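In: make a model of this:
(one chain, ligands or ions: 2)
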Amino acid sequence: MANEDQPKPASEERDSVQNVNWNDFRDHLSTADKEGHRVWLYPRKPRGRYYLARLWVSFGLIAVMFAGPFIHINGNPLLMINLPERRFSILGVIFWPQDNLIFAFGFLLFLTGIAVFTAAFGRLWCGWTCPQTVMMEMVFRRIEYWIEGDAPAQRALDRAPWSARKIFQKLAKHGLFLGLSFVIGNTLLAYIIGSDALLKIIRDNPASHLTGLTFMGLFTLLFYGIFARFREQACTFICPYGRFQSTLLDENTIVVAYDYKRGEKRGPLRRSQTAAERKTSGAGDCVDCHQCVAVCPTGIDIRNGTQMECVNCTACIDACDNVMTKIGRPRGLIRFASLNGIEKGERLRVTPRLIGYCTVLLLLGLGLVTLLLTRSDVDTALLRAPGGLFQTSPDGRISNLYLLKLTNKTHHDMPVELKLENIDGTLSVFGGQAVVPGEQQIESSVLVEIAPDQLASGNTPLVVGVYSGGKRLDTVKTIFIGPRR
Ligand code: SF4
Ligand code: SF4
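Out: Residues are numbered from 1 along each chain as shown. Ligands and ions are numbered 1, 2, ... in the order given. Below is the predicted model of the structure:
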């Protein structure tokens, strides 16, 4: 009897691994060959109304993306996610980690928004607005077309032996890619640390900013790697949104779809064959020219149906529309449509699932607006100093030491006063009255002294009011430790 645990011979192992149906698109990746090596894609340059519209949308988005950290509202960046200082600027308003509820609502709103949008319109975000696709298709790919030509010329160049022309073209392309990656890397750094800190790194002595310069280098290499080599694999392998989209789509979702009812049975167009003759012969409108496949940046054939790799970039719509126009057939063999739209001619239907998503979206939106409108001007943290219990002063009063952290969420400097609310005693902030600069945090120490007859045995709850200009802005609760009786 054969031992099941024994390792299989290498040849048998290879057979079982390679036992795939290469004619079935579901059985293999379009970007991997039978040996498992990557198949480099050479998508043809799309031309058409959707490509033109995407170009303008992309230019707008790129302008916002690069200007984002440098545009200031009320002295704060339009968008900044300053992780080292845990300071976030959204539309010029500074948020702190203390605003965690606002972040939680905002994040849930974002996720639900994506779910609603995907359930209704598929991965339109990916093809039209995702920074990865926008930069890849509208900047890096266009540079490639400009320097190396369209897909056939690129393929020929890669196969050609090295020559002075090839070296020049490759150097020019990769030099530009590297330069652009440097700009993108610096922009990302500006989003993280702020544009002022980035400019300081650029202007100052490099030796004083080794960490910043290291990140500049790492980000540059990361983006160069993504746009020069990794490319569509970021969408098909890495992006989590692409992986879970299949759980959000249904037969009513509008996606880039091939009208198989109109297109099949596909077959080449014979010379001098009229549309009527073609129809009589049982052939559909698809002339099997593969133009839709040739332009696809993820290398798929949309005629196989909606696939995980499709980023809804609409390049195949343009390619097919051009073919249809040439052969005198109506455009839209590939178009934005739902499965029900193609099968039954239905328009976008508002399904109970969509209503459910929208209700959750609305509730979260209302919650977020309420939180933003009721956001306090100051945030106070008052914690007992670590290690200390209590001290008894010569007059017999008991004292506790606290650490105070005050966050001013307004744009202006704010003098702040702290008062004991529930007990008689004295509260002193070290260094006198605290003045918190606009949109900044300060830390200080606070000493609270209370007569023993005011205290309970052991722990006494303490309520501290935070005032500015006589108006109470915040209240914090803590514990005062005294002797046990
Ligand atoms: S471009 Fe249109 S006609 Fe050509 S293969 Fe694709 S679907 Fe068929
Ligand atoms: S199938 Fe069409 S829409 Fe989808 S990624 Fe390819 S070209 Fe873009």
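
In: from here on, contacts and neighbour counts on C-alpha atoms
Out: OK.

In: tell me the phi and psi of residue 168?
Out: Per-residue torsions, residue 168: phi -60, psi -50 (degrees, to the nearest 10).

In: ok, it - contacts?
Out: By Cα atoms under 8 Å, 6 or more residues apart in numbering, residue 168 lies in contact with nothing.

In: rerun at 10 Å
Out: Applying Cα atoms under 10 Å, 6 or more residues apart in numbering to residue 168 gives the contacts residue 147.

In: contacts only, for the nearest residue to residue 226 once chain neighbours are set aside.
Out: Distance criterion Cα to Cα, 6 or more residues apart in numbering; nearest residue to residue 226, sequence neighbours excluded, is residue 234 at 7.4 Å. Neighbouring residues of residue 234 by Cα under 10 Å, 6+ apart: 132, 133, 226, 227, 240, 242.

In: from ligand 1, how far out is the nearest residue to residue 397 once chain neighbours are set aside?
Out: Nearest residue to residue 397, sequence neighbours excluded (Cα to Cα, 6+ apart): residue 451, at 4.6 Å. Residue 451 is 86 Å from ligand 1, where distance means Cα to the nearest ligand atom, to the nearest Å.

In: state whether the residue nearest to residue 226 is indeed within a helix.
Out: Yes. Residue state for residue 234 (DSSP: H, G, I helix; E, B strand; the rest coil) corresponds to a helix.

In: quick one: it from ligand 2, how far?
Out: Distance of residue 234 to ligand 2, given as Cα to the nearest ligand atom: 13 Å.

In: chain neighbours aside, what residue packs nearest to whatever residue of the stretch 151-300 of the chain ends up closest to ligand 2?
Out: Distances between the stretch 151-300 of the chain and ligand 2 by Cα to the nearest ligand atom are smallest at residue 296, namely 3.6 Å. With sequence-adjacent residues excluded and distances taken as Cα to Cα, 6+ apart, residue 296 is closest to residue 43, at 5.7 Å.

In: report how many residues lie close to that neighbour.
Out: 21 (other Cα atoms under 10 Å).

In: just checking, residue 252 touches residue 347?
Out: Yes. Between residue 252 and residue 347 a contact is recorded at 8.3 Å, counting by Cα atoms under 10 Å.

In: chain center to whichever strand or helix holds residue 184: distance?
Out: Element membership for residue 184 (DSSP states H and E) is helix 164-193. Put simply, helix 164-193 sits 22 Å off its chain's centre (Cα atoms, centre = their mean, to the nearest Å).

In: residues of the helix or strand following it that come out buried?
Out: Using DSSP H and E, the helix or strand that follows helix 164-193 in sequence is helix 195-203. With burial defined by 16 or more other Cα atoms under 10 Å, the residues of helix 195-203 counted as buried are 195, 198, 201.

In: how about stretch 122-135 as PDB, C-alpha atoms only?
Out: C-alpha atoms of stretch 122-135 as PDB (Å, rounded to 0.1, in the frame of the first residue of the first chain):
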ATOM      1  CA  GLY A 122     -19.700  49.000  -8.300                       C
ATOM      2  CA  ARG A 123     -16.000  50.000  -8.300                       C
ATOM      3  CA  LEU A 124     -16.400  53.400  -9.900                       C
ATOM      4  CA  TRP A 125     -14.200  54.800  -7.200                       C
ATOM      5  CA  CYS A 126     -11.300  52.500  -8.300                       C
ATOM      6  CA  GLY A 127     -11.300  53.500 -11.900                       C
ATOM      7  CA  TRP A 128     -12.100  57.100 -11.600                       C
ATOM      8  CA  THR A 129     -10.900  58.500  -8.300                       C
ATOM      9  CA  CYS A 130      -8.500  56.100  -6.500                       C
ATOM     10  CA  PRO A 131      -5.100  57.800  -6.300                       C
ATOM     11  CA  GLN A 132      -3.400  54.600  -7.400                       C
ATOM     12  CA  THR A 133      -5.400  54.400 -10.600                       C
ATOM     13  CA  VAL A 134      -5.300  58.100 -11.300                       C
ATOM     14  CA  MET A 135      -1.500  58.300 -10.900                       C
END
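
In: on that earlier part again, which SS state does the residue of the stretch 151-300 of the chain closest to ligand 2 fall under?
Out: With three-state DSSP as the criterion, residue 296 reads coil.

In: residues in contact with it?
Out: 41-46, 302, 310-316, 319.

In: from these, which is closest to residue 425?
Out: residue 311 (65.6 Å; Cα to Cα).

In: return the per-residue confidence for the closest one.
Out: As predicted, residue 311 sits at a pLDDT of 92.

In: one more: the one 3 residues further on?
Out: The confidence metric pLDDT takes the value 96 at residue 314.

In: surely it is in contact with residue 125?
Out: No. Applying Cα under 10 Å, one finds residue 314 not in contact with residue 125, separated by 11.8 Å.

In: between these two, which one's more packed in?
Out: residue 314 (27 against 17).

In: what does the more buried one show for phi and psi?
Out: Note on residue 314: its backbone torsions stand at phi 70, psi 10 [degrees, to the nearest 10].

In: okay, now the unreliable bits of the protein?
Out: 1-18, 348, 433 (pLDDT under 70).

In: circling back: for residue 419, state which of the contacts of residue 296 is nearest.
Out: Among the contacts of residue 296, residue 311 lies closest to residue 419 (Cα to Cα), at 58.3 Å.

In: distance check, the closest one against residue 262.
Out: The spacing between residue 311 and residue 262, counted by Cα to Cα, to the nearest Å, is 23 Å.

In: what's the neighbour count on the residue of the stretch 101-250 of the chain found nearest ligand 1?
Out: With Cα to the nearest ligand atom, the shortest gap between the stretch 101-250 of the chain and ligand 1 falls at residue 151, namely 16.2 Å. The number of residues packed near residue 151 is 18, by other Cα under 10 Å.

In: thought it was touching residue 291?
Out: No. Counting by Cα under 10 Å, residue 151 does not reach residue 291; the two are 12.0 Å apart.

In: shared neighbours, the two?
Out: In contact with both residue 151 and residue 291: 43, 44, using Cα under 10 Å, 6+ apart.
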